[in-house]
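**Q** I'll drop the sequence and a predicted model, then ask my questions.
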2 protein chains.
Amino acid sequence: MKARIIVSLKTGVLDPQGKAIEAALRSLGIEGVDGVRQGKVFDIELSAVDSGAAEATLRAACEKLLANTVVENYAIEIL
Amino acid sequence: MKARIIVSLKTGVLDPQGKAIEAALRSLGIEGVDGVRQGKVFDIELSAVDSGAAEATLRAACEKLLANTVVENYAIEIL
């Protein structure tokens, strides 16, 4: 079973990396970009066969390792 | 207009970061994870109003800055 986890900064948390990308795009002549926020994506291959067990595993992985839940949100998507 | 770009390593390109995450999950007692590949996600706010113009802007951004097309694929999603 495959799944995708997207970890992104919570609203209101400053994202200097995103700001730097926004400035770089402008200096490359790419107009029309009003904001960029960068996050991480994890494509995960699971041995679980039922999606309930898979989601429990992924939730544990996010809470313990993949996301810093103080400043980041995570979204789990079973593919 | 909002869009999301996902940049991930092409199949066959080694991902030592993903391997490290896989090992870390195992050492934290999270079983059932057979593979992890890490990528990047960019949440972008655009001033374009039609999705054709938005997609052209995003494609240029990917080719010029956000993705290294030698080793990475990118996917554009207009939200």
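**A** Now that the structure is in, tell me what you want to look at.
**Q** just how off-centre is the strand ranked longest in chain A within its chain?
**A** Longest strand of chain A, by residue count under DSSP state E: strand A:33-46. Mean C-alpha position of strand A:33-46 versus that of the full chain (CA atoms, centre = their mean, to the nearest Å) differs by 4 Å.
**Q** Next: stretch A:22-42.
**A** 16 Å.
**Q** Does the longest strand of chain A reach chain B?
**A** Yes: for strand A:33-46 and chain B, the contact criterion (CB under 8 Å from any CB of the partner chain) is met by A:33-46. Heads up, the C-betas are built off the backbone N, CA and C, glycines and all.
**Q** Can you list the helices and strands that that strand packs against?
**A** Helices and strands touching strand A:33-46, as assessed by 3 or more CB pairs under 8 Å, 6 or more residues apart in numbering or on different chains; DSSP states H and E, comprise strand A:2-9, helix A:16-27, helix A:51-61, strand B:2-9, strand B:33-46.
**Q** okay if I get the ones you listed as a markdown table plus distance to B:L65 and mean pLDDT?
**A** Shown next, in a markdown table, are the helices and strands packed on strand A:33-46 (distance: least, CB to CB, whole Å; pLDDT from 0 to 100):
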| stretch | distance to B:L65 | mean pLDDT |
| --- | --- | --- |
| strand A:2-9 | 19 | 97 |
| helix A:16-27 | 6 | 97 |
| helix A:51-61 | 30 | 94 |
| strand B:2-9 | 10 | 97 |
| strand B:33-46 | 10 | 97 |
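**Q** Out of those, which gets nearest to A:N73?
**A** strand A:2-9 (5.7 Å; CB to CB).
**Q** which parts of the closest one are buried?
**A** By neighbour count on 16 or more other CB atoms under 10 Å in any protein chain shown, the buried set for strand A:2-9 is A:A3, A:R4, A:I5, A:I6, A:V7, A:S8, A:L9.
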